[in-house]
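[1] give me a model of this one.
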Amino acid sequence: MARLGLSVAARTIGNAVARNRLKRLVRESFRLSQHRLPNADILIGARPPARTAGAPELRVGLERLWKKILAECAR
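    Here you go, the predicted model:
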């Protein structure tokens with residue numbers, strides 16, 4: 001079973017409301033994709049562009065990330 005770790009710094013994202021919003025979006029995306037992912041520990045660190053990204057843009061980026069992880073682990 002895949003496991004998720006998050007690193008969301010206040011310096012990178014901003015106040016607690018913004019950090020928690022980002023973490024909720026990442027957890028939800030992970031929950032929906034977890035059944036497809038390989039057994040691995042996945043650590044996600046937030047970067048500055050995530051501060052201004054909207055929810056749809058973040059979801060697309062996370063879906064791209066899950067597909068990349070699948071491709072890397074399939075090799």
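[2] contacting residues around the biggest helix by length in the chain?
    In the chain, assigned by DSSP state H, the helix with the most residues is helix 55-74. Applying C-beta atoms under 8 Å, 6 or more residues apart in numbering, the set of residues contacting helix 55-74 from outside is 22, 25-26, 29-30, 33, 36-38, 40, 42, 44, 50, 53. Backbone N, C-alpha and C define where each C-beta goes, glycine included.
[3] and what of stretch 22-30?
    Judged by C-beta under 8 Å, 6+ apart, the contacts made with stretch 22-30 from elsewhere in the structure are 2, 4, 6, 8, 13, 42, 44, 46, 50, 55, 58-59, 62-63, 66.
[4] could you pick out the buried ones from the residues you listed?
    Ala2, Leu4, Val8, Ile13, Ile42, Ile44, Ala46, Ala50, Leu58, Arg59, Leu62, Trp66 (16 or more other C-beta atoms under 10 Å).
[5] next, format those as CSV and append pLDDT and distance to Cys73.
    Rendered in CSV, the data for the buried ones among the contacts of stretch 22-30 read as follows (pLDDT from 0 to 100; distance: C-beta to C-beta, whole Å):
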residue, pLDDT, distance to Cys73
Ala2, 92, 10
Leu4, 96, 15
Val8, 95, 24
Ile13, 94, 28
Ile42, 95, 10
Ile44, 95, 16
Ala46, 95, 22
Ala50, 93, 24
Leu58, 96, 22
Arg59, 96, 21
Leu62, 96, 17
Trp66, 96, 11
